[in-house]
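Enquirer: Provide a 3D model corresponding to the input given below.
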Amino acid sequence: MPKGTLLLSFLATVFAQDLPNWGKQDLWVHTSTWTPTHCQCYCERLCSHPTDYLKTNLVSSGIVPHNYDWSIPFCNGTIRTYNSDVVRSVGQSDLQTYFPLTMSRDLEHMWDPDSTDPRTDIGQFSYPCGGLHEAKYLKTIVQIAKFIRTPDLIKSNIGKNITTKSIREAFKKEQNLSVVLLCSNGAFADVVTCWSKSTPFLYQTTQASQDIAPAKPVQCPPGIVALDSCKDEYSFIHAMNTTSAPTTVPTSPTPAPPTATPSPSQDPDEVDAWVKNFTKDNHCALFGEDGCEYCAKAKALFASKSATYAYSGIDNQTTIPTGTDIYNSLVRLTHQDTLPNVWIGNKFIGGSDDLQALQDKGKLDGMLAAAGCTKSTPITTTKPPQTTKPTKTP
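Expert: Below is the predicted model of the structure:
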């Protein structure tokens, strides 16, 4: 048996054992992304080196194990960088085309199994409890990305406004897909589809022998449909805006007080400890990136409340720990890949839309006051909730 095959078998056996929440989610959720919209403000490093394919096609942002209410089951598995042999088994070219990495440094090294800097060149296996082993997880993402085709309606109307209804109808007519659409400032951005789970065969009695995969597309439950944010009659289809440097977004973060830094070894445990101290030492904390539209929105909301907060830029590679190490630590600690990454009272809140949801529900003022980020008196009056956009996953 080839050495690589032996290693993959070993990895599947070791990493799939003793996960009590293995495949316990209600369904799988896949997000197809129209990258041109996300690159209008250079919110992702990928915007400087897009593949030709993603300029005119939807690509995958990953599959995530969700419950009907959009929550993710607790997982005690370890988030880790994909093994190089796993990447080879799926293929660098397919991964670059159908599952590009938003935080990658350049196209040449994206998904390079021989990378000397796998932290930025290779993604992380963030959902080890979902029911798919590492190699199967990546292969499934590529297969679903190939299956969900970009409607001709979208390709032929780049740079134009089209009716939101026609976008939904195109997915339904061409592939019988019931979709949840996500928009950004009136522009088509993402397509969310829900998938039922496959059932292991009777003789597959161990996690090492099972793959609980997305089986077939299904109607999303109300808790996920409510996240649809394309409410306008028309949606704009952005063209790719390739940039060589981030677009500056003015910010006025509160200077963070000193936090003890780990040694230059960048040991993951030490970085995790640094992040925990940072969120504990500061009443409110925000991790973000220059040029990130949603980071700017979160900062603006804090500013509107006259709230003080500490800011850490994950795009700063000159600090110890580096921004990349901080970003990877946040994914490990929160099990979410989101920017901005917002903390209030040493509690992880989520991203910009989660912060806005607290505001819409009338809960944000009280939380900020209780955490000591404002001097405001907590407000008890509640408002009807508004729909929000879910956070994206690799």
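Enquirer: which residues in the stretch 51-200 of the chain form helices?
Expert: In the stretch 51-200 of the chain, helices defined by DSSP state H, counting those that start in this stretch lie at 84-90, 92-98, 118-121, 134-147, 152-155, 164-175, listed in chain order.
Enquirer: tell me the buried residues in the fifth one?
Expert: The reference is to helix 152-155. Residues 153-154 are the ones in helix 152-155 that count as buried (16 or more other Cβ atoms under 10 Å). No exception for glycine: its C-beta is placed from N, CA and C like everyone else's.
Enquirer: cool, the longest one as well?
Expert: Along helix 134-147, these residues count as buried under the neighbour rule (16+ other Cβ under 10 Å): 134-142, 144-145.
Enquirer: pipe those into a markdown table and attach distance to T193 and pLDDT per row.
Expert: Conversion of the buried residues of helix 134-147 to a markdown table gives the following (distance: Cβ to Cβ, whole Å; pLDDT from 0 to 100):
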| residue | distance to T193 | pLDDT |
| --- | --- | --- |
| E134 | 23 | 95 |
| A135 | 22 | 96 |
| K136 | 19 | 96 |
| Y137 | 17 | 97 |
| L138 | 18 | 97 |
| K139 | 18 | 98 |
| T140 | 13 | 98 |
| I141 | 13 | 97 |
| V142 | 15 | 98 |
| I144 | 8 | 98 |
| A145 | 11 | 97 |
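Enquirer: can you redo the helices of the stretch 51-200 of the chain as TSV with distance to D69?
Expert: Below are the helices of the stretch 51-200 of the chain laid out as TSV (distance: least, Cβ to Cβ, whole Å):
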stretch	distance to D69
helix 84-90	31
helix 92-98	29
helix 118-121	33
helix 134-147	23
helix 152-155	30
helix 164-175	23
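Enquirer: what's the closest of the ones you listed to N328?
Expert: N328 lies closest to helix 118-121 among the helices of the stretch 51-200 of the chain, at 6.2 Å (Cβ to Cβ).
Enquirer: for the closest one, packing partners?
Expert: Helices and strands touching helix 118-121, by 3 or more Cβ pairs under 8 Å, 6 or more residues apart in numbering; DSSP states H and E, are helix 323-334.
Enquirer: centre of the chain to the helix it packs on, how far?
Expert: In terms of Cα atoms, centre = their mean, to the nearest Å, the centre of helix 323-334 is set 12 Å apart from its chain centre.
Enquirer: what's the first helix or strand after that helix?
Expert: Downstream of helix 323-334, the next assigned helix or strand under DSSP states H and E is strand 341-344.
Enquirer: contact partners for Y53?
Expert: Applying Cβ atoms under 8 Å, 6 or more residues apart in numbering, we find Y53 in contact with 59, 97-98.
Enquirer: please disregard the earlier target; I meant G288.
Expert: Applying Cβ under 8 Å, 6+ apart, the residues near G288 are 295, 298-299, 311-314, 339-341.
Enquirer: then V191?
Expert: The contact partners of V191, taken as Cβ under 8 Å, 6+ apart, are 31-34, 58, 148, 171, 179-182.
Enquirer: what is the neighbour count of Q356?
Expert: Counted with other Cβ atoms under 10 Å, residues neighbouring Q356 total 19.
Enquirer: and it, what element?
Expert: Element membership for Q356, per DSSP H and E: helix 352-360.
Enquirer: give me the helices and strands touching that helix, please.
Expert: helix 293-304, strand 341-344, helix 364-371.
Enquirer: got JSON lines for the contacts of Y53, with distance to D232 and pLDDT too?
Expert: Output for these, formatted as JSON lines (distance: Cβ to Cβ, whole Å; pLDDT from 0 to 100):
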{"residue": "V59", "distance to D232": "24", "pLDDT": "97"}
{"residue": "T97", "distance to D232": "31", "pLDDT": "96"}
{"residue": "Y98", "distance to D232": "29", "pLDDT": "97"}
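Enquirer: which one of these sits closest to I162?
Expert: Taking Cβ to Cβ as the measure, I162 lies nearest V59 of these, at 20.1 Å.
Enquirer: help me confirm that that closest one comes into contact with Y98.
Expert: Yes: using Cβ atoms under 8 Å as the test, V59 is close enough to Y98 to be in contact (5.9 Å).
Enquirer: which neighbours do those two have in common?
Expert: Counting by Cβ under 8 Å, 6+ apart, the residues touching both V59 and Y98 are 53, 145.
Enquirer: P214 bridge partners, please.
Expert: Judged by DSSP bridges, the bridge partners of P214 are K197.
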